[in-house]
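K.L.:
Build me a structure from this.
(6 chains)
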6 protein chains.
Amino acid sequence: MAKRNKKSAAGRAPKRRPPAVAGDDTTITALTLPPQTLSPDMAAYFKKCEEKLGFVPNVLKAYAFDSAKLAAFVAMYNDLMLAPSGLSKLEREMIAVAVSSHNRCYYCLVAHGAAVRQLSGDPPLGELMVMNYRAARLSARERAMLDFVVKLTAEPWAVEGEDRDALRRAGFTDRDIWDIAAVAGFFNMSNRVASATDMRPNSVYHKQAR
Amino acid sequence: MAKRNKKSAAGRAPKRRPPAVAGDDTTITALTLPPQTLSPDMAAYFKKCEEKLGFVPNVLKAYAFDSAKLAAFVAMYNDLMLAPSGLSKLEREMIAVAVSSHNRCYYCLVAHGAAVRQLSGDPPLGELMVMNYRAARLSARERAMLDFVVKLTAEPWAVEGEDRDALRRAGFTDRDIWDIAAVAGFFNMSNRVASATDMRPNSVYHKQAR
Amino acid sequence: MAKRNKKSAAGRAPKRRPPAVAGDDTTITALTLPPQTLSPDMAAYFKKCEEKLGFVPNVLKAYAFDSAKLAAFVAMYNDLMLAPSGLSKLEREMIAVAVSSHNRCYYCLVAHGAAVRQLSGDPPLGELMVMNYRAARLSARERAMLDFVVKLTAEPWAVEGEDRDALRRAGFTDRDIWDIAAVAGFFNMSNRVASATDMRPNSVYHKQAR
Amino acid sequence: MAKRNKKSAAGRAPKRRPPAVAGDDTTITALTLPPQTLSPDMAAYFKKCEEKLGFVPNVLKAYAFDSAKLAAFVAMYNDLMLAPSGLSKLEREMIAVAVSSHNRCYYCLVAHGAAVRQLSGDPPLGELMVMNYRAARLSARERAMLDFVVKLTAEPWAVEGEDRDALRRAGFTDRDIWDIAAVAGFFNMSNRVASATDMRPNSVYHKQAR
Amino acid sequence: MAKRNKKSAAGRAPKRRPPAVAGDDTTITALTLPPQTLSPDMAAYFKKCEEKLGFVPNVLKAYAFDSAKLAAFVAMYNDLMLAPSGLSKLEREMIAVAVSSHNRCYYCLVAHGAAVRQLSGDPPLGELMVMNYRAARLSARERAMLDFVVKLTAEPWAVEGEDRDALRRAGFTDRDIWDIAAVAGFFNMSNRVASATDMRPNSVYHKQAR
Amino acid sequence: MAKRNKKSAAGRAPKRRPPAVAGDDTTITALTLPPQTLSPDMAAYFKKCEEKLGFVPNVLKAYAFDSAKLAAFVAMYNDLMLAPSGLSKLEREMIAVAVSSHNRCYYCLVAHGAAVRQLSGDPPLGELMVMNYRAARLSARERAMLDFVVKLTAEPWAVEGEDRDALRRAGFTDRDIWDIAAVAGFFNMSNRVASATDMRPNSVYHKQAR
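P.N.:
Got it, this is the predicted structure:
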């Protein structure tokens, strides 16, 4: 602990092992899929991503072999994460990361961990969502929300009326409960598509909002 | 076993307990959501369901409080389950039920169990998907497909290259693997939305294709 | 969902795959066991089954290679499921199915799922016991009983005084608790004998009481 | 480790805490059951136990409130554990303890752990079955047998043809496989009846065959 | 049960199988490690063990290939198990065994099971800690302590403020909670070193304090 | 995704919620422990930490209420992580993080995740160890090592000869296997002490080596 020597370590390591992820962001999944074919709408959407974010998230490039699938994914994603809701955008991203942490999804933890750091202006909050949300200092509302989505992720068969009531007691409306369930469900889907295909996140996320 | 008396049992039971599900199909979820508001497209889609199926699946009614959410769900569902694919419609329904069995999702097991019975013309196959797909007599292709989706459901973090290779060895293309992952992911989402909201299937499914 | 076409599916499927279970009910387990040798008592019992049920349950045929084992099984089964008890026959069958659902035992789910449908006169109740008893509308008594047996099945080491007290609060006597435990224990045995030997249920159960 | 002082510890401990089990062997379960009523056959059997073992095993006393239940239990137990079989009596007891170890059943571990010590003449073998059978030096036959029963106990839904083949490769016949399954099933039942009722073993077992 | 014949069993068994553990206590782990090299301090400590216990515990011999590692282990062990603490030595040994039971560590269960038997003067207490601490008659203080350490062992990520509060309500100080955590943590370490290396306990423990 | 607006989010969030961790690094655990009392050796060690790292790691401050405990911890830690070994320092830190990821230990993931980033000069490698080591591009040696320690963490009872052989095939000596086991064991201890006491990492780690 006391003796770790930054300089020599940093100097020696690159000789010892290649980087753990490809640095060029060209491999997106482990599957050989048909080439990208974007409808005009989706091409415009990719351009918008480039302008606003500076890059197109790799998950979109992964779906881009089929414009209908891409469009369906984008429509659902944008509705869930960006449309008006009783949940703030940060709360929706916290759900995304807590669910992805249970499922240990590398893609989603990197991309949405960055979103939590950015939206909250509190970088350790992003780390806590990735590592163990129970260790974070959360409001009662946030805690109830994350307890619900992690139970829904881990043992959906056991979610019942008392779990919904705990959300109501924490101040959520039934309409909010729908959104909590829908966002948690969505990342249970995305985590599995990403893990099944070994989807790799854009490397730019790693340095964002540290 | 030998002494069970059908008549007296059938006669006595209705006195003893109310039915385990509401018989009138009016309660769809445990949430009080805004009233149904269908866009013209979605209204037309509901009409089409009535004509083709004789009813509107309750999952669609559940989403109908918000036409944008409904449209996104329908677009993704129809693409995954009905669009051209290297997977047959029956195979996609088998995935749906095997995933829902792991997650013990009442709604999806009832609705998609009926679909497997119907599409296969082999009612016990539907039961086997609900109960334990490992007990079914399956082709090597079907078995590899279901092993993959159940592992992806149970421990997505552990799905790796050798799991994809097992699918390839069973004859699936990389494009097929995407569809397998996408259907399995979708039902991991739907199972959780259904469990979180206590969604109830249309009672008509119970008697279909027995 | 909307576009499923019953006729073509039913027509196409039989060409595509053989049935998931043998249709002739001749294979009972995956083991090659000695030929059936029935004592006079057991021969009479098989005849009684034929008369009352119209068939001999395959589990009995599986045990029939050894009359002593068969007689011990029949004696215990009939005492547990049919003898006077504070539990109704339907309640005992509900325990059988909830336990078998946790253990995903194909044989017991088919045979005893049919019994729940029949004894209750409420076919969806049978489905609910197979799929997820937590989704059923149950009395407090039924729910306490099933919570106990599923915990006893899943983590017997953790069943303690407070679990017994929950049954007492739901109106069960200590004598009833014995029967609940004994029926749950019995199906934890039968589920394992069936799974270990790949026991196949009589196909007649599938259509019963739908 | 080095400083533990036997004398003072032994002297101090009895003052500090009452014994962890009642010393008088009068409480058999946590249930208040009807008084013992033995049929002549069962009374004779209890007498035989007293003569041969010096005591009546508490599990028999627990069942003794109902002679039919007791007789069914005794018939099944004696057939499984004592009738001619391709499995030795020691092998059957090893199965009993390995299953009970997975289920952490106090009653069965005490009673059948003593049986393994006694039948093997190798006391540490009894301890190993209680603690972790994987740490024992076992023959390939014994190891295959215990791997099968522990998998059957932990995840019966996953036992399939290749598990049976592993037993066959280890030299077991199909008839032996039935007995392995039946003994493992029986202790999965007994473990749950014992845990559900807090059954206490006769204290005499503790010192046997040490 | 009634028919087990001690004499013939004891006579037959030694012919049938070699002992489950090597009887000569010469094999300590499954690893080929450098030869023992004891610093003067550690040599003196081994001599002290011989004098006080009559033997050197095998775990110490396992570490003896490197005196620095051995000294660090001994220092931590002796501080945790023998230094002044709000926990009695028996309580610390009960923690050791309950943790080791969850982890099914053969070495630690044998060695520390003996310590519980010895320190308590109540041999069945040792058995209960090995088999299932929930079946023991424990004080509220002991039960709270063991519930905490077993949860900390099984799902450390879920230990939170309410778990610490349960210990406080049972009379433990914050300083005591540290010691509970530290002892439980230590055996989670030792269990894994022992399992990873197949460490074998000294055979003398088996007969101690029966 | 495309519409996230960094500026307004960053501006709004601080109003909405307090930081997820205390910013002042004054609270180290959830326990009220005796005041720090450092022996001269330990005081010198703390001074050395300040000089080399710029701070004293909070885990050391947590132990500082008792100099004997602190010294034992430091001796074991420094031997394991810094002494000569067939494992590089980076490999030992990778073990630390993979084990802590399974146990979801916030303290250790933050502190040792930083160490992996620093020693490797490859920041994403640190993230991968935290999130899911299976998603990293690892050498066969690294992968075998991490598979072993994660199995040893998750189910120590199931680690056997074939697991040790897999390490040998990957080029590790028996002496190396000891070190792998010892480091994995150590973090299984530290993870539990940290989780039991809600230990908080120094906030400086968050920004290191990004």
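
K.L.:
which sections of chain A are below the confidence cut-off?
P.N.:
Scanning chain A with the threshold set as pLDDT under 70 gives A:1-16, A:22-24.

K.L.:
For chain A, which residue gets nearest to chain D?
P.N.:
Going by C-beta to the nearest C-beta, chain D is nearest to residue A:157 of chain A, at 14.7 Å. C-beta: built from backbone N, CA, C; applies to glycine.

K.L.:
What's the local residue count around the one residue in chain A that gets nearest to chain E?
P.N.:
For chain A and chain E, the shortest gap (C-beta to the nearest C-beta) falls at residue A:132, measuring 5.3 Å. Using other C-beta atoms under 10 Å in any protein chain shown, residue A:132 has 23 neighbouring residues.

K.L.:
Quick check: it vs chain B, distance?
P.N.:
For residue A:132, the distance to chain B (C-beta to the nearest C-beta, to the nearest Å) stands at 15 Å.

K.L.:
Over to residue A:34?
P.N.:
For residue A:34, the distance to chain B equals 7 Å [C-beta to the nearest C-beta].

K.L.:
Please state the backbone phi and psi of the residue nearest to residue A:151 when sequence neighbours are not counted?
P.N.:
Spatial nearest neighbour of residue A:151, excluding adjacent residues (C-beta to C-beta, 6 or more residues apart in numbering or on different chains): residue A:159 at 6.0 Å. The phi and psi values for residue A:159, taken as degrees, to the nearest 10, are phi -80, psi 130.

K.L.:
thought residue A:159 was touching residue A:152?
P.N.:
Yes: between residue A:159 and residue A:152 a contact is recorded at 5.3 Å, counting by C-beta atoms under 8 Å.

K.L.:
what's the overlap in contacts for those two?
P.N.:
Shared contacts of residue A:159 and residue A:152, defined by C-beta atoms under 8 Å, 6 or more residues apart in numbering or on different chains, comprise B:195, B:196.

K.L.:
which helix of chain A spans the most residues?
P.N.:
Counting residues, the longest helix found in chain A (DSSP state H) is helix A:174-197.

K.L.:
Is any residue of that one near chain C?
P.N.:
No: Helix A:174-197 stays clear of chain C (C-beta under 8 Å from any C-beta of the partner chain), getting no nearer than 15.5 Å.

K.L.:
Can you name the residues of chain A sitting close to chain E?
P.N.:
Within reach of chain E by C-beta under 8 Å from any C-beta, chain A has these residues: A:132, A:134.

K.L.:
Spell out, range by range, the strands that occur in chain A.
P.N.:
Using DSSP state E, chain A contains no strands.

K.L.:
tell me which residues in stretch A:51-61 are buried?
P.N.:
By neighbour count on 16 or more other C-beta atoms under 10 Å in any protein chain shown, the buried set for stretch A:51-61 is A:53, A:56, A:57, A:58, A:59, A:60, A:61.

K.L.:
With distance to chain B as new columns, can these be given to me in TSV?
P.N.:
Shown next, in TSV, are the buried residues of stretch A:51-61 (distance: C-beta to the nearest C-beta, whole Å):
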residue	distance to chain B
A:53	21
A:56	18
A:57	17
A:58	15
A:59	12
A:60	14
A:61	13
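
K.L.:
Which single one of these is nearest to residue D:80?
P.N.:
Each of those was checked against residue D:80 using C-beta to C-beta; the closest is residue A:59, at 56.3 Å.

K.L.:
Enumerate every residue touching that closest one.
P.N.:
Contacts of residue A:59 (C-beta under 8 Å, 6+ apart): A:73, A:107, A:111, A:190, A:194, A:199.

K.L.:
10 Å instead?
P.N.:
A:28-29, A:70, A:73-74, A:77, A:107-108, A:111, A:190, A:193-194, A:197, A:199, A:201-202, F:1 (C-beta atoms under 10 Å, 6 or more residues apart in numbering or on different chains).

K.L.:
what's the answer for residue A:192, then?
P.N.:
Each residue near residue A:192 by C-beta under 10 Å, 6+ apart is listed here: A:103, A:105, B:99, B:149, B:152-153, B:156, B:159, B:181-182, B:184-189.

K.L.:
Thanks a lot, see you next time.
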